[in-house]
Every structure is written in structure tokens, then in C-alpha cells.
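>>> Return a 3D structure for these sequence lines:
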Amino acid sequence: MKKVSVVTINFNQAAVTEELLSSIEKTNTYTNLEIIVVDNASKINPVPGWLVKYPNIKFIRSDANLGFAGGNNLGIKQATGDYIFLANNDTEFTPNLVNSLATVLDTRDDVGIISPMIKYYSDKGLIQYAGYTAMDYSTCRNSCIGLKQKDQGQFNHITGPTAYCHGAAMMVKKEAIDKAGLMAENFFLYYEEVDWCEMIKKAGYEAWVNTDALIYHKESLSVGKKSKLKEYFMNRNRILFTRRNAPGYKKIIFFIYFLLLVVPRNLITYIKNKNYDFIPMLFKAIWWNFTHSKNSTDLGYPINTIA
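Okay, here's the model as predicted:
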């Protein structure tokens with residue numbers, strides 16, 4: 001039996017993370033499991049208490065907020081598993097989740113990364129993810145299959161290729177990480193998992209979804225539904241992802257589309273909703289991409305201000 005390392009990140013949500021750990025304890029039947037929790041510089045350090053409460057779990061305390069990519073990378077570096085299962089701390093495990101995903105990786109040499117079906121924790125009959133469509137690089141848009149659909153069995157027993165795995169829950173072969181590299185940390189959060197899927201596919205592997213595996217997601221507890229942080233990184237990283245992955249001519253089409261259609265539309269939406277403080281975030285996101293290389297480690301955002 002291959003070893004699976006579960007990696008999750010905590011940031012100012014100790015109670016939520018403990019709910020995840022409880023769900024793993026209650027539902028998991030996979031015996032060769034390692035659990036790693038990375039605390040991303042929470043204001044109140046929960047690690048000393050956790051070391052006493054959870055003696056069989058590995059805890060890593062980062063002195064700086066490294067974001068989704070950096071925090072996961074820190075956990076991956078400490079993981080000893082053959083497979084690394086990255087799971088958001090605001091998820092809840094279900095029976096046979098780990099077994100179902102690991103079995104696919106055991107039997108398919110061509111699969112490097114796989115996600116389960118994801119449903120909303122607040123409405124367990126509502127689907128969040130059953131796969132992704134391919135990216136249209138002219139607009140940097142794609143679709144999440146099954147999003148907000150009632151589960152009526154329409155995605156039952158699907159195990160096969162998908163364009164991208166979902167950042168809330170994805171199991172990756174360590175050998176695929178060794179070939180493709182870690183997640184690009186200059187995304188900080190948003191788009192880093194789709195960029196990583198592109199890296200893994202370029203390394204010769206496929207991304208798959210297995211809807212026989214299920215996880216529940218509480219969604220957006222970290223940054224909220226709307227925030228300046230989210231607006232900045234969603235726009236900045238959408239452009240950055242295109243710069244890193246789109247063919248040359250598609251980049252040109254995207255930039256025209258973004259500047260002539262997306263920017264005016266966003267501005268109208270901000271003004272209509274009285275989100276005036278989002279306006280400078282949009283232009284800051286654009287300016288970063290005009291003034292920084294696609295591999296720049298300067299995030300352009302004061303991370304120490306994130307609560």
C-alpha cells in the first residue's frame with residue numbers, strides 16, 4: 001500500500017482545521033496515512049496546543065504567510081508519502097475518499113493528479129465540482145462541470161481525464177511533482193492549481209477526476225466572498241496565468257479582450273455595487289503584469305495586512 005500524505009493549511013482558522021482533522025479521524029480507513037498541517041503565520045499560534053492534542057500529526061509553523069501555493073509547497077517538502085493529498089482546511093472527508101483516489105493512482109501510470117467530486121458542505125446535495133472544461137486562452141475562461149447542480153446521479157461513476165483538478169482537494173503523485181516542480185509561489189492564491197495542472201500535464205501526466213470519491217467544501221472561509229485581496233489576486237493572476245501558459249497569438253487576443261471588455265465591465269460592476277475600493281485593486285493588478293516578469297516573486301500586495 002502506497003503512503004499518502006495529507007497536507008492542509010491553517011490561517012487564523014484553528015477551529016475549522018480541527019473540524020477537518022476530526023472528519024479524517026472519523027471517516028478514514030486508509031491505513032498508510034500521514035497528516036501534515038502547515039500554519040501560515042496565524043496571529044495566534046495554535047501549533048503548541050496541537051502538538052499535545054494531536055501527537056500523531058506533523059505540524060509546521062511558518063513565520064510568514066506564504067499563501068496557498070507557498071504553504072502547500074512547505075508541506076509537500078516535508079511529506080514522506082508516495083502520493084500527496086492537498087486538502088483545504090475547510091473541507092470534510094468522507095468514507096473511502098483517500099482509498100478511491102489512491103486506487104486510481106495505483107493503477108494508472110499516466111495519471112499524475114486527481115480530484116474527487118466536491119459538494120457544498122452547507123447543502124450536501126449541491127455539487128461544486130465534477131471536473132473542468134479546457135481553458136479558452138483567448139479569454140482565460142473555462143467552466144466548472146456540475147457547478148451548483150443538484151446531484152441527481154448525473155455525474156455518478158465518472159473516472160477519467162479532466163482539464164484541471166480542483167485546488168480544494170487534489171491528490172498528486174510525488175514522482176509527478178519531482179518532474180513538474182512545485183506550485184509557482186508568485187500566484188500566492190488563485191490560479192496556482194490550474195497553472196500547476198498545466199505544469200504536470202507538460203511533464204507527461206494526465207489530470208483526472210473520480211466522482212466515486214467525495215469531499216465536502218465549506219468554501220471561501222479564508223478570504224470571504226468579496227474582498228480587495230480577492231479582487232487583486234483574481235485579476236492579477238488571471239493575466240499571469242495567461243502569460244505563463246497561453247500560445248503567443250492567444251496572449252495578444254486575451255490582452256485586447258481584457259483591456260477593452262473586462263476592465264470596463266468590472267468598473268461598472270464596482271461602481272454599481274459601491275465597491276469603490278476595488279477600482280485601484282484592478283489597476284494595480286494590471287500594472288503589476290506590465291512591470292514584472294512572469295516569474296517575479298514580488299506579489300505587489302502588502303501580505304502582512306491580511307487578517
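
>>> How many residues are close by residue 163?
By other C-beta atoms under 10 Å, 18 other residues sit near residue 163. Just so you know, the C-beta spots here come from the backbone N, C-alpha and C atoms, and that holds for glycine as well.

>>> correction: residue 153
6.

>>> before we move on, which element is it in?
Using DSSP states H and E, residue 153 sits in no helix or strand.

>>> Quick check, pLDDT for it.
Per-residue pLDDT puts residue 153 at 96.

>>> ditto for residue 226
For residue 226, the pLDDT comes out at 77.

>>> Please report how far the residue nearest in space to the middle of the chain lies from residue 215.
For the chain, the residue nearest the mean C-alpha position is residue 167 (2.3 Å; C-alpha atoms, centre = their mean). Distance check for residue 167 against residue 215: by C-beta to C-beta, to the nearest Å, it reads 12 Å.

>>> Confirm that residue 300 sits in a strand.
No - assigned with DSSP: H, G, I helix; E, B strand; the rest coil, residue 300 falls outside any strand and is coil.

>>> Now do whichever helix in the chain runs longest: everything it contacts.
Criterion DSSP state H: the longest helix present in the chain is helix 228-245. Under the criterion C-beta atoms under 8 Å, 6 or more residues apart in numbering, residues 135, 137, 140, 184, 186-192, 194-195, 198, 223-224, 250-251, 254, 258, 266, 275, 277-278, 281-282, 284-286, 288-289, 294, 300-301, 306 lie in contact with helix 228-245.

>>> which residues of the chain fall in helices?
Under the criterion DSSP H, helices of the chain are mapped to 14-27, 47-53, 67-78, 97-107, 174-180, 192-202, 228-245, 248-257, 263-272, 279-291.

>>> Longest strand in this structure, by number of residues?
Taking DSSP state E as the criterion, the chain has its longest strand at strand 206-217.

>>> quick check: angle from that one to helix 14-27?
110 degrees (axes from the mean of the first three to the mean of the last three C-alpha atoms, to 10 degrees).

>>> Compute the inter-axis angle for strand 206-217 and helix 97-107.
Here the directions of strand 206-217 and helix 97-107 differ by 170 degrees (the same axes, to 10 degrees).

>>> Pull out the C-alpha coordinates of strand 206-217 and format them as CSV.
Extracted in CSV, the C-alpha atoms of strand 206-217 (Å, rounded to 0.1, in the frame of the first residue of the first chain):
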residue,chain,number,x,y,z
GLU,A,206,-2.9,13.5,-17.2
ALA,A,207,-5.3,15.2,-14.8
TRP,A,208,-8.3,13.1,-13.8
VAL,A,209,-11.5,13.3,-11.7
ASN,A,210,-13.0,10.4,-9.8
THR,A,211,-16.6,11.1,-8.8
ASP,A,212,-16.8,7.9,-6.7
ALA,A,213,-14.6,9.9,-4.2
LEU,A,214,-16.4,12.7,-2.4
ILE,A,215,-15.3,15.6,-0.2
TYR,A,216,-17.4,18.4,1.2
HIS,A,217,-16.3,22.0,1.0
